[in-house]
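Peer 1: below is the sequence, then the predicted model.
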Amino acid sequence: MDIHSEKALLIKEIEQLEDISLLRVLKSMLHYGLKNEGRISIEQYNKELEEADAEIEKGEFIAHEEAMKEIRSWRE
């Protein structure tokens with residue numbers, strides 16, 4: 001499969017997602033990969049931890065077992 005086909009397939013799969021937490025994880029991974037920044041400052045690290053804690057307090061997370069079910073469904 002060429003790069004354009006891979007991108008098209010990924011876009012279709014992302015469009016089907018309804019889980020905001022998973023979308024945020026994908027967005028973070030893409031952002032990190034595009035910037036290829038390597039290390040982050042301690043300030044940025046702490047900021048990201050605080051943001052993650054706030055999301056967890058609001059219930060914006062998925063349990064490990066739910067994540068595993070989602071991952072298994074990708075293989076189908």
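Peer 2: Looks like it arrived, so ask away.

Peer 1: from here on, just use CA atoms for contacts and neighbour counts.
Peer 2: OK.

Peer 1: which SSE is immediately downstream of the one helix or strand in the chain whose mean pLDDT sits lowest?
Peer 2: Least confident helix or strand, the chain: helix 20-35 with a mean of 80, by mean pLDDT, DSSP states H and E. Downstream of helix 20-35, the next assigned helix or strand under DSSP states H and E is helix 42-57.

Peer 1: quick check: mean pLDDT across the next helix or strand after that next one?
Peer 2: Following helix 42-57 in sequence order, the next helix or strand is helix 64-74 (DSSP H and E). Averaged across helix 64-74, pLDDT comes to 88.

Peer 1: report all helices and strands that helix 64-74 contacts.
Peer 2: Contacting helix 64-74 under the criterion 3 or more C-alpha pairs under 8 Å, 6 or more residues apart in numbering; DSSP states H and E is no other helix or strand.

Peer 1: distance between it and the chain's centre?
Peer 2: 13 Å (C-alpha atoms, centre = their mean, to the nearest Å).
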